[in-house]
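# Structure of the sequence below:
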Amino acid sequence: MGTAQAPVDAATSKPIAPKSGRWSTFKFVFQALEVRLRFIGILVAIGLLFGYWDTLRNYWDKWTRPANAAVALSSGTEFYCPMDPQVVRDSLEPDGSIPNCPICGMPLSKRKKGEQPALPAGVVGRVQLSPERVEMAGVATASVGYQPLVREVRTVGYVTYDESKLSEVTTRVGGYVEKLFVNETFATVSNGDKLAEVYSPELYQAAQELVLLRGGKQFDALINGAHEKLRLLGIGESEIDHIWKTGKTDSRLVIRSPQTGHVIKKNVVEGARIEPGQVLFELADLTTVWIEADVYEKDLAALHEGQNISATVDAYPSRVFEGTVALIHPHLERSTRTNRVRFEVKNTDHQLRPGMYASVRLATPVAETEPFRTEIAKRQTAPVGGDKAALIAWQRNCPVTGLPLGSMGEPVSVTAKGQELFLCCSGCVDDIQKTPDRYLAKLTPPPRDEVLTVPQTAVIDTGERQVVYIERTPGVFEGVVVTLGPRVGDQFPVLAGLQPGDKVATAGSFLIDAETRLNPAAASAYFGATGGPASSAGGSVQRADEGGASVKPPAKDATNKVAATTLNADQLAEIAKLPPADQKVAKVQKLCPVTELPLGSMGVPLKKTVAGETVFLCCASCEAKLKAEPQKYLDKIYRWQD
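Residues are numbered from 1 along each chain as shown. Take a look at the predicted model:
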């Protein structure tokens, strides 16, 4: 191994001595320090990398999200609108953001292709039927509204005595019945009439004591005692005063009637010996009678004490007797599941007789029964003081969509005509601003004597819950769980689940329900689940076109769909607000090229001119899509026209 050679000067061939000085020293120190700092920096960088690894990874995901999302979408996912499930897109926006619904403006939700769309809270099923199927199924709708409902309860009972009008005639002394002034049962007597005359040695002795005290100067206490003794034996004040004034005693006691009425029992005859406390007569006043009847357990909520009733009997079928509910017995008969109720009825002419059978009718306004009475009272006045939670709890549902507030995220607060109200999402703001009166009417407190009603034919009772199908948009039916009261005629009173103005399926609702139960995937397929199974002939798989807006092709082709679309009265009314020339074009076009919803379903159609052609849109939200890809939507209209 050789040794290092010192540098040699070429001119002299002598070794060059190394330079020395401050600069070389500083350079050496700097190089040594640089090496150490570089090592420390590497250690610090490694430490920061480990310490902030999660943060760095989150930033990386954020910067690379569009690429990852595209990979996820290509593997079988898509975006849809929970509010308007016919809107489906299979790609993100060019900037990588989640697309918004062109109708309601809300960000779309992601799902797997073929997956049944998530339903809003309170919605148990959703199905869209083509116009052909709606006509074939005979589906008819009716609007929900307030009306006075009277719940009628009928029962049969029997007439009996009013127990408060019964009395017994007894004697307080022993003796003998010398004479009967009333000697027959069911005789009519008046208050104070003589009933019998009784001879009593005990009575004679007590009267004699009073007479003896009258003759001398005795203590007042003795006089009062003799007076009280006669009174306790049943002698009237007038008769006692007569004995005191005349000094004449009488051994006979006259028994008088304590009330007006009928003698229903006579327990003595003339000459009979009687004992103190023995019942001689029983009297009843028939000007008021009771009707005792049994009422089923389910009808108890319609009864309350003091309630007016009407009764009829076979003997007088054309006569109606008025009365009130006097008592609802506190115990239920376990074997029959009925409750005894007592009715008090006026009977001034004595036509109602104990033992008769009577038919009783009670008419109770549903608004006066619980829980409707409490609920109506709560709804009369909105909470004051700016309490947001209290206002949301009072309002409950979005007036535009009918969905429960909170089901689509944080409720949106708006002010319409000076009144604060909440919406389920920002997509409903435009509707409130365009037609505030229409939606504010849904928040109007209900009339105190009316309840919200739904036809019986619209209700599907599964045994566990009751479901009503609401037509949110033409051909789109949502099954919502409702809370109802007892049926009254052909109507059900509604406690929760519906709003005034909701259009419910009153005919064909069982067929709609069968569609969602027998083929639940068909509904999701018709709403654009591109990987889902197709529905039957009346509905078809919904796909997403190149622009991202959902397209719902009919069973055969787009031309058939336009030809099969029939504009309803509400849609035609909105189109009628256009100028006459525009009305003709809109009626021919029928559908919005962006959403394929019927023109007029979202209000007055919006007129636009594209490449010299007149195009009508369902709403202003579709204008941006039309401007972005005008030729695409013009071609679609051309295909429809062809």
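# Strands of the stretch 401-550 of the chain, residue ranges please.
Along the stretch 401-550 of the chain, the segments classed as strands by DSSP state E, counting those that start in this stretch run 412-416, 419-423, 451-455, 459-461, 466-473, 476-484, 491-496, 503-507, 543-544, 550-551.
# Send me the third one as CSV with only the CA atoms.
Written as CSV, here are the backbone C-alpha positions of strand 451-455 (Å, rounded to 0.1, in the frame of the first residue of the first chain):
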residue,chain,number,x,y,z
VAL,A,451,-109.6,17.2,11.8
LEU,A,452,-107.4,16.2,8.9
THR,A,453,-109.0,13.2,7.2
VAL,A,454,-108.0,10.6,4.6
PRO,A,455,-110.4,8.3,2.7
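# for that strand, packing partners?
Judged by 3 or more C-beta pairs under 8 Å, 6 or more residues apart in numbering; DSSP states H and E, strand 451-455 is in contact with strand 145-147, strand 491-496, strand 503-507. (Glycine included, C-beta is placed from N, CA and C.)
# any idea how far the first one is from the chain center?
So the one you mean is strand 145-147. From the chain centre to the centre of strand 145-147 is a distance of 14 Å (C-alpha atoms, centre = their mean, to the nearest Å).
# One more: the second one?
Per C-alpha atoms, centre = their mean, the displacement of strand 491-496 from the mean C-alpha position of its chain is 7 Å.
# Which one of the strands of the stretch 401-550 of the chain lies nearest to Pro148?
Nearest to Pro148 among the strands of the stretch 401-550 of the chain is strand 451-455; the distance by C-beta to C-beta comes to 7.8 Å.
# Of the strands of the stretch 401-550 of the chain, which is nearest Pro436?
Comparing those against Pro436 with C-beta to C-beta, the closest turns out to be strand 412-416 (4.0 Å).
# contacts for the closest one?
Applying C-beta atoms under 8 Å, 6 or more residues apart in numbering, the contact partners of strand 412-416 are 388, 420-426, 428-429, 432-433, 436, 439-440.
# How far does the helix or strand containing Ser310 sit from its chain's centre?
Using DSSP states H and E, Ser310 sits within strand 308-313. Averaged C-alpha coordinates place strand 308-313 at 33 Å from its chain's average position (C-alpha atoms, centre = their mean).
# same thing with stretch 313-322?
Computed by C-alpha atoms, centre = their mean, the separation of stretch 313-322 from the middle of its chain amounts to 40 Å.
# what does stretch 611-628 give?
Between the centre of stretch 611-628 and the centre of its chain there are 41 Å (C-alpha atoms, centre = their mean).
# can you map out the strands along the stretch 101-250 of the chain?
Listed in chain order (using DSSP E, counting those that start in this stretch), the strands of the stretch 101-250 of the chain are 109-112, 123-128, 140-143, 145-147, 150-161, 166-170, 175-180, 188-189, 194-199.
# most surrounded residue in the contacts of strand 412-416?
Neighbour tally across the contacts of strand 412-416 (other C-beta atoms under 10 Å): the maximum, 26 neighbours, falls on Cys424.
# Please list all residues in contact with that one.
83, 398, 400-401, 403-409, 411-412.
# Return the item of those residues having minimum pLDDT.
Confidence by pLDDT is poorest for Met83 among the contacts of Cys424, given 69.
# And the lowest mean pLDDT element among the helices and strands of this protein?
strand 543-544 (a mean of 29; mean pLDDT, DSSP states H and E).
# who touches the lengthiest strand in the chain?
Taking DSSP state E as the assignment, the strand of the chain that covers the most residues is strand 316-333. Around strand 316-333, the neighbours that count as contacts under C-beta under 8 Å, 6+ apart are 290-291, 294, 297, 300, 303-313, 338-347, 351-352, 358, 362.
# How much space separates the most centrally placed residue in the chain from Val127?
The residue lying closest to the centre of the chain (C-alpha atoms, centre = their mean) is Ala496, at 1.4 Å. The span separating Ala496 from Val127 equals 23 Å under the rule C-beta to C-beta, to the nearest Å.
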